[in-house]
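S.K.: requesting a structural model of the entry that follows:
(one chain, ligands or ions: 1)
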Amino acid sequence: MAPKYKLTYFNTRGLGEPIRYMLAYGDIDYEDIRISFEEWPKLKADSPYGLMPFIEINGKVINQSTSICRYFAKQLDLAGKDEFEALQIDATADTIADLRHTIGDYWWRSEEKDKPKKREILVNETIPKYLSRFEKQVQDNNGYFVNGKLSYADLYLAANVEYLSAVMKSNILDGYPNLKALVEKVDNIPKIKAWINKRPQSYY
Ligand SMILES: N[C@@H](CCC(=O)N[C@@H](CS)C(=O)NCC(=O)O)C(=O)O
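M.R.: This is a model prediction of the structure:
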């Protein structure tokens, strides 16, 4: 029997969307549980490490969004054909997660008075540092992050772009044509496209 999955996260894209992309790509059935910011404090103490997202798999609860993506990626043949390819894919996804964490720190965990300076550093230094390297990697790999074929790192970028662009209040991929083309390719995979068309609306 197919495992029973329940994914719990805020009603945002944020750290939940990469997992939802994997589930959509694999056409995997799951319960998409969305917790409001008001409800969350009541649930926090009973969650693993007081953080979301987490997934329940046949009654067992597991945290860490990127690990959960990788778990599904392995089942969907998106995690590499051998150990070295898997390492390249994992390193790419973890680097995207690093960028997301830095942007998240600025937006969610900074004092208002510090935000303008932090934003300036992000826009002028941090984001270009990451995206220019990603751009070259995709250019060198025939339109994908690793070895010219789709992997979960590609889905991971695509699933993060709207959230990060919402935080930065501009499309973070402007000026990076290879990354834009990659995201468009991923978002046009029929099962991903169907998910994008039916998913609940959210700003972040
Ligand atoms: N490394 C973890 C980070 C989890 C995390 O920071 N979750 C944030 C949401 S974006 C959270 O639950 N914040 C609520 C809180 O701190 O109460 C992952 O990728 O799953």
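S.K.: going forward, measure contacts between C-alpha atoms and count neighbours the same way
M.R.: OK.
S.K.: right, and Pro48 touches Gln64 too?
M.R.: No. If you go by C-alpha atoms under 8 Å, Pro48 and Gln64 don't touch, sitting 9.4 Å apart.
S.K.: what's the overlap in contacts for these two?
M.R.: With contacts taken as C-alpha atoms under 8 Å, 6 or more residues apart in numbering, Pro48 and Gln64 have Phe54 as neighbours in common.
S.K.: interface residues of the chain facing the ligand?
M.R.: Leu15, Leu51, Met52, Pro53, Asn63, Gln64, Ser65, Thr66 (C-alpha under 6 Å from any ligand atom).
S.K.: now, these that are in helices?
M.R.: Ser65, Thr66 (DSSP state H).
S.K.: the residues of the chain next to the ligand: which two are farthest apart?
M.R.: Leu51 and Thr66 (13.6 Å; C-alpha to C-alpha).
S.K.: which residues of the protein score low on pLDDT?
M.R.: Within the chain, no range satisfies pLDDT under 70.
S.K.: give me the longest helix you can find in it.
M.R.: Counting residues, the longest helix found in the chain (DSSP H) is helix 83-108.
S.K.: what's the very next helix or strand once past it packed up against?
M.R.: Per DSSP states H and E, the first helix or strand lying C-terminal to helix 83-108 is helix 115-121. Helix 115-121 sits against helix 83-108, with contacts defined as 3 or more C-alpha pairs under 8 Å, 6 or more residues apart in numbering; DSSP states H and E.
S.K.: in the helix it packs on, what counts as buried?
M.R.: For helix 83-108, burial by neighbour count (16 or more other C-alpha atoms under 10 Å) applies to 86, 88-90, 92-94, 96-97, 99-100, 103-104, 106-107.
S.K.: how about residues contacting stretch 112-122?
M.R.: Ile103, Tyr106, Trp107.
S.K.: nearest to Asp140, of these?
M.R.: Ile103 (26.1 Å).
S.K.: how far away is that closest one from Ser165?
M.R.: Note on Ile103: its distance to Ser165, by C-alpha to C-alpha, to the nearest Å, is 10 Å.
S.K.: same check, this time on Asn58
M.R.: From Asn58 over to Ser165 the distance is 35 Å, taken as C-alpha to C-alpha.
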